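Here is my input; please provide its structure:
(chains A and B)
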Protein chains: 2
Amino acid sequence: MKTLSIGIFDSGVGGLTVLKEIRALIPQEDLIYLGDTARVPYGGRSAQTITRYALECALFLLTKGIKLLVIACNVSSAYALPIIKKRFPIPVIGVIEPGIREAVSVTKSKRIGVIGTKGTIRSNVYERELKKIDPEIVVISKACPLFVPIVEEGLEKEEIAYEIAEKYLREVKEANVDTLVLGCTHYPVLKDVIHSVMGPDVRIVHSGKETAKAVKEFLEKENLTTTKKKGKETYFVTDSPESFIEIGSRILDRPINSVKPIKQIDFRYIFFSS
Amino acid sequence: MKTLSIGIFDSGVGGLTVLKEIRALIPQEDLIYLGDTARVPYGGRSAQTITRYALECALFLLTKGIKLLVIACNVSSAYALPIIKKRFPIPVIGVIEPGIREAVSVTKSKRIGVIGTKGTIRSNVYERELKKIDPEIVVISKACPLFVPIVEEGLEKEEIAYEIAEKYLREVKEANVDTLVLGCTHYPVLKDVIHSVMGPDVRIVHSGKETAKAVKEFLEKENLTTTKKKGKETYFVTDSPESFIEIGSRILDRPINSVKPIKQIDFRYIFFSS
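Sure, this is the predicted structure:
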């Protein structure tokens, strides 16, 4: 059991911001990453479709031999975490709870901003969970639907990214939050842009760092840490690997090797009308 | 045969700009539309994945009883039209050739701009086909990867759409084109924005209008026009219909009814690694 890998999935390259933090904290574990690049982005899709996609990603990783599943995608965590926990015989960690814990611990004014995809914001999971911990907390939520395409298209250094961020973040900034939760694993790629728009006084919560801590604590508590010295990484993608390799290498700050495209067993995606 | 429908597909709501023109020109035909909203956008995906998705959409429409297939998606037309034509026992019309014919007929300076998704621009189909007709034509191509998310998210009236358009269209405008081909069926939704950025002297080619003419001509030439008086429309989508109904109704300028979500026969999207 200890020698098994940690499985991590996201809709695309965004979850690599979580993998990066896990790798930094736990160098010895084997990591298997799945980016569902043939169907990214998830954030604007229905709850039903997001749940189906997340279940499929989880099922795929399960067949690879994993001791722990990390859902490195906020919208998948928002909609599919409970059902995956219920149906799958392995422990599951999402990215929402660790981010919430951190936000609560750093806020002083109890005014917290949350940005995410349409689906995550619509789910209301952050506001609900934050108020459960402290009913005095005021949550200002804002969906930023163009941030994922910007990251997936590799446009995060372009002026356009800054202009779009200014537009999206205006009302969160004007609400005088002292903490901003990046409620989407793609958003840390835009961290510099977001930081410069929000100003130096706003604390940015990067759920990936907190998730990595939760993963480490869990392995130690359950005595599941490997005895290996150095872990390896394997990447799977559902579309061709070129763009994933290019953008992913930028996110990880090092070259990505061995990215494997996944083929369907049944080439035809058969469906019928209801 | 005459009583069969015309099948139309696109990655999402964009193809409705083509359906709208077909309906305006041919009120008597039954139209069946498929929007692959669970997998939109296609434009940034690999040629292989775009081709697979387009084949699946075509296969679905084929099972519905159609006499003609319209690929109302430029990137699908660019990559999958030849293989669909070869494999499917029905006539197929794409959106690229009609737009090219129109562009050639309206340009005076022989300087033509083409905007589209990354996949369409990468395919180089417009430049290749335009130069085949007239080698003196100069083509200025520009990928606009955020335009489809803007339309799918319903942001076309927001200031941000204008700012992004200014950014994308700068070099096309500076190249002094007299004609601009909207090489993506989502882009007519942004027509006002594009028009205001490009200025009144640039002729905008909307491939949907030209495609509708090609459809009408084809039916008449092949003696396939129905004898019915008034055609009906049926819509299928691969994700939940809510967002499609909302944005689609705005595109068509009238309410959309009877949008049917498609369920897969095999719920699990089974795949394995290569």
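
Now the stretch 1-150 of chain A against chain B: closest residue?
A:Ser46 (3.6 Å; Cβ to the nearest Cβ). No exception for glycine: its C-beta is placed from N, CA and C like everyone else's.

residue contacts, that residue?
B:239-240, B:242-243 (Cβ atoms under 8 Å, 6 or more residues apart in numbering or on different chains).

for A:Asn74, same thing?
Counting by Cβ under 8 Å, 6+ apart, A:Asn74 touches A:95-96, A:116-117, A:120, A:183-185, A:207.

repeat that with 6 Å
Residues near A:Asn74 by Cβ atoms under 6 Å, 6 or more residues apart in numbering or on different chains: A:95, A:116, A:120, A:183-184.

okay if I get the residues you listed as a markdown table plus distance to B:Thr226, pLDDT and neighbour count?
Listed next are those as a markdown table, based on distance: Cβ to Cβ, whole Å; pLDDT from 0 to 100; neighbours: other Cβ atoms under 10 Å in any protein chain shown:
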| residue | distance to B:Thr226 | pLDDT | neighbour count |
| --- | --- | --- | --- |
| A:Val95 | 54 | 98 | 31 |
| A:Gly116 | 48 | 97 | 30 |
| A:Thr120 | 47 | 97 | 28 |
| A:Gly183 | 51 | 97 | 31 |
| A:Cys184 | 48 | 97 | 33 |
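
From those, which land in helices?
Counted as lying in helices by DSSP state H, out of the contacts of A:Asn74, are A:Thr120.

closest to B:Gly7 among the contacts of A:Asn74?
A:Thr120 (35.3 Å; Cβ to Cβ).

rewinding a little: mind listing which of the contacts of A:Ser46 are in helices?
With DSSP H as the criterion, helices contain B:242-243 from among those.

and the contacts of A:Ser46, which two are the farthest apart?
Most distant of the contacts of A:Ser46, by Cβ to Cβ, are B:Asp239 and B:Glu242, 9.0 Å apart.

How many residues are close by whatever residue of the stretch 101-250 of chain A ends up closest to chain B?
Proximity of the stretch 101-250 of chain A to chain B (Cβ to the nearest Cβ) peaks at A:Ser240, 3.6 Å away. With neighbours defined by other Cβ atoms under 10 Å in any protein chain shown, the count for A:Ser240 comes to 17.

How about A:Lys228?
Neighbours of A:Lys228 under the rule other Cβ under 10 Å: 13.

quick one: it is in a helix?
No - assessed with DSSP: H, G, I helix; E, B strand; the rest coil, A:Lys228 is coil; it does not lie in a helix.

for it, what are its contacts?
A:Gln28.

Same question for A:Ile256.
A:245, A:248-249.

which residues in the stretch 1-150 of chain A form strands?
When secondary structure is read from DSSP state E, counting those that start in this stretch, the stretch 1-150 of chain A shows strands at A:5-10, A:31-35, A:66-71, A:92-94, A:111-116, A:138-143.

Reformat those as JSON lines; add distance to chain B.
Shown next, in JSON lines, are the strands of the stretch 1-150 of chain A (distance: least, Cβ to the nearest Cβ, whole Å):
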{"stretch": "strand A:5-10", "distance to chain B": "13"}
{"stretch": "strand A:31-35", "distance to chain B": "10"}
{"stretch": "strand A:66-71", "distance to chain B": "14"}
{"stretch": "strand A:92-94", "distance to chain B": "18"}
{"stretch": "strand A:111-116", "distance to chain B": "14"}
{"stretch": "strand A:138-143", "distance to chain B": "9"}
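
Of all the ones you listed, which one is nearest B:Ile133?
It's strand A:31-35; of the strands of the stretch 1-150 of chain A, that one is closest to B:Ile133 (Cβ to Cβ) at 40.9 Å.

quick check: mean pLDDT across that closest one?
Across strand A:31-35, pLDDT averages out at 96.

filter the contacts of A:Ser46 down to the ones close to chain A.
Restricting the contacts of A:Ser46 to those touching chain A (Cβ under 6 Å from any Cβ of the partner chain) yields B:239-240.

which of the contacts of A:Ser46 count as buried?
Among the contacts of A:Ser46, the ones that count as buried by 16 or more other Cβ atoms under 10 Å in any protein chain shown are B:239-240, B:243.

And A:Ser274, what's its pLDDT?
29.

cool, and A:Ile66?
In this model, A:Ile66 is scored at 96, pLDDT.

dump the residue contacts of it.
A:4-5, A:7.

any chance of these in TSV, plus distance to B:Glu153 and pLDDT?
Output for those, formatted as TSV (distance: Cβ to Cβ, whole Å; pLDDT from 0 to 100):
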residue	distance to B:Glu153	pLDDT
A:Leu4	40	97
A:Ser5	36	98
A:Gly7	31	98
